[in-house]
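Q: Sharing a sequence plus its predicted fold:
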Amino acid sequence: MKIMSCKQLGGACDKEFHANSFEEIAELSKQHGTEMFQKKDAAHLKAMDEMMQLMQKPDAMTAWFEGKRKEFEALPESK
Ligand SMILES: [Zn+2]
């Protein structure tokens, strides 16, 4: 089990996600982002806007995603 925060995953708050794989944590982060989007949380809307800009450039998006995957894999296991 590893932990990454919303902020570490390109979000806007300190909410922590616990997951065993990067795919899992990316999914949790996505669900949380959708929830915050529905609540129209300003900070998350801004973070999402920046993420959308990144998605316009597939290479940049892939690089970002792979960077986060490495960050996740480098994290120590938490109990
Ligand atoms: Zn958040």
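A: Received it, and whenever you're ready, just let me know what you need.
Q: Quick one: residues contacting the residue nearest in space to the middle of the chain.
A: The residue lying closest to the centre of the chain (C-alpha atoms, centre = their mean) is L9, at 2.7 Å. Taking C-beta atoms under 8 Å, 6 or more residues apart in numbering as the contact definition, L9 lies against F17, I25, A26, S29, K68. The C-beta positions use only the backbone N, C-alpha and C, and glycine is treated the same way.
Q: Can you tell me the closest non-neighbouring residue to the last one?
A: Counting by C-beta to C-beta, 6 or more residues apart in numbering, L9 is the residue found nearest to K68 once chain neighbours are left out, at 6.4 Å.
Q: do the same with the third one
A: Leaving aside its sequence neighbours, A26 sits nearest to L9 (C-beta to C-beta, 6+ apart; 7.4 Å).
Q: now the one you found: how far from S78?
A: 16 Å (C-beta to C-beta, to the nearest Å).
Q: again with K40
A: 32 Å.
Q: Then Q56?
A: 35 Å.
Q: Do you know the pLDDT at the residue nearest to A26?
A: According to the prediction, L9 has pLDDT 96.
Q: Check F17 too.
A: For F17, the model assigns a pLDDT of 98.
Q: Show the model's pLDDT score for the closest residue to it other than its chain neighbours.
A: Excluding its sequence neighbours, the residue lying closest to F17 (C-beta to C-beta, 6+ apart) is L28, at 4.3 Å. You'll see L28 listed with a pLDDT of 98.
Q: how about the helix or strand that contains L28: buried residues?
A: In the assignment (DSSP states H and E), L28 maps to helix 22-38. Of the residues in helix 22-38, F22, I25, A26, L28, S29, H32, G33, M36 count as buried by neighbour count, 16 or more other C-beta atoms under 10 Å.
Q: helices or strands up against it?
A: strand 2-5, strand 16-19, helix 42-55, helix 58-74 (3 or more C-beta pairs under 8 Å, 6 or more residues apart in numbering; DSSP states H and E).
Q: what does this structure put close to the ion?
A: Within the chain, the positions lying close to the ion (C-beta under 5 Å from the ion) are C6, G11, C13, K15.
Q: Perfect, I'm done here.
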